[in-house]
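J.: No letters, just coordinates:
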């Protein structure tokens, strides 16, 4: 298995909703990442987990809450989002000693 | 502030043409430069370059890095419609964290080049 699987593919939520994005990989990668990509812009790093521990938080607002329950799963919990948070959220993973990230297909989030 | 700049921002060619995409960078502690292809959603890995002057090749695609002049180029020969995509350049910076033997860190992406190949 050489894939990073993200669900859901599309999500529409109101500003008062609570939802979660999920990411799964079975490549044995111990570093996992969340990136945010706005239309026609490059991906921007949000969070990095290494060995299930949060290693990098790029000053992301607290309405985004990451969670890494085990080495294969990464979640992004969403609460009280704003319309400007609408974007493609990409999950990625990497193996030990490598800078190469494997990306998932992303979750397209629309906040109304 | 660290920067990764790609040019051109968009490019329209016909099948069979050769294209050259450019990526220049200004980062404090360079570790490696990566090229990704993004069609619709997931960026897919093309090349990673760490040393100057060593060309990486994969079929019709090739890339080279110049660490003195701080740039990289991605060449695509005999383009096909399936090459239409956004090509992203990204730089990995030191320090690259290492916990329990796993490396992790930050990739800074350029804004991408939109390549459109017409039949």
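T.: Cool, the structure landed. Please read all numbers here as calculations on a predicted model, not as lab measurements.

J.: who are the neighbours in contact with residue A:79?
T.: A:17, A:18, A:63, A:65 (CB atoms under 8 Å, 6 or more residues apart in numbering or on different chains). All C-beta spots, glycine's among them, are computed from the backbone N, C-alpha and C.

J.: what do you get for residue B:6?
T.: B:21, B:22, B:23, B:24, B:87, B:88, B:89, B:110, B:111, B:112, B:113.

J.: same deal with residue A:72?
T.: A:24, A:25, A:26.

J.: how near is it to residue A:33?
T.: For residue A:72, the distance to residue A:33 (CB to CB, to the nearest Å) stands at 14 Å.

J.: what do you get for residue A:8?
T.: On the measure of CB to CB, residue A:8 and residue A:33 end up 19 Å apart.

J.: Among the two, which residue is more densely surrounded?
T.: residue A:33 (30 against 13; other CB atoms under 10 Å in any protein chain shown).

J.: Check which helix or strand that one maps to.
T.: Residue A:33 is located in strand A:31-37, with elements delineated by DSSP states H and E.

J.: Note down every partner strand of the helix or strand following that strand and its orientation.
T.: Proceeding N to C from strand A:31-37, the next assigned helix or strand is strand A:44-50, under DSSP H and E. Strand A:44-50 has the following sheet partners, assigned by DSSP bridges: strand A:31-37 (antiparallel), strand A:53-57 (antiparallel).

J.: so of these, which one's packed in deepest?
T.: strand A:31-37 (a mean of 25; mean count of other CB atoms under 10 Å in any protein chain shown).

J.: For it, which outside residues touch it?
T.: So strand A:31-37 is contacted by A:23, A:25, A:43-50, A:55, A:66, A:68, A:74, A:76, A:87-95, A:101, A:103, A:106, B:102-104 (CB under 8 Å, 6+ apart).

J.: out of those residues, which are buried?
T.: A:23, A:25, A:43-50, A:55, A:66, A:68, A:74, A:76, A:87-94, A:101, A:103, A:106, B:102-104 (16 or more other CB atoms under 10 Å in any protein chain shown).

J.: Now do the same for the residue nearest the centre of chain A: its pLDDT.
T.: The centre of chain A sits closest to residue A:34, judged by CA atoms, centre = their mean, with a distance of 3.3 Å. For residue A:34, the pLDDT comes out at 97.

J.: got it, and residue B:1?
T.: pLDDT, residue B:1: 67.

J.: Also the one 10 residues further on?
T.: Residue B:11 is assigned a pLDDT of 97 by the prediction.

J.: The closest residue to it other than its chain neighbours: neighbour count?
T.: With CB to CB, 6 or more residues apart in numbering or on different chains as the criterion, residue B:11 has its nearest non-adjacent residue at 5.2 Å, and that residue is residue B:115. When neighbours are counted by other CB under 10 Å, residue B:115 registers 21.
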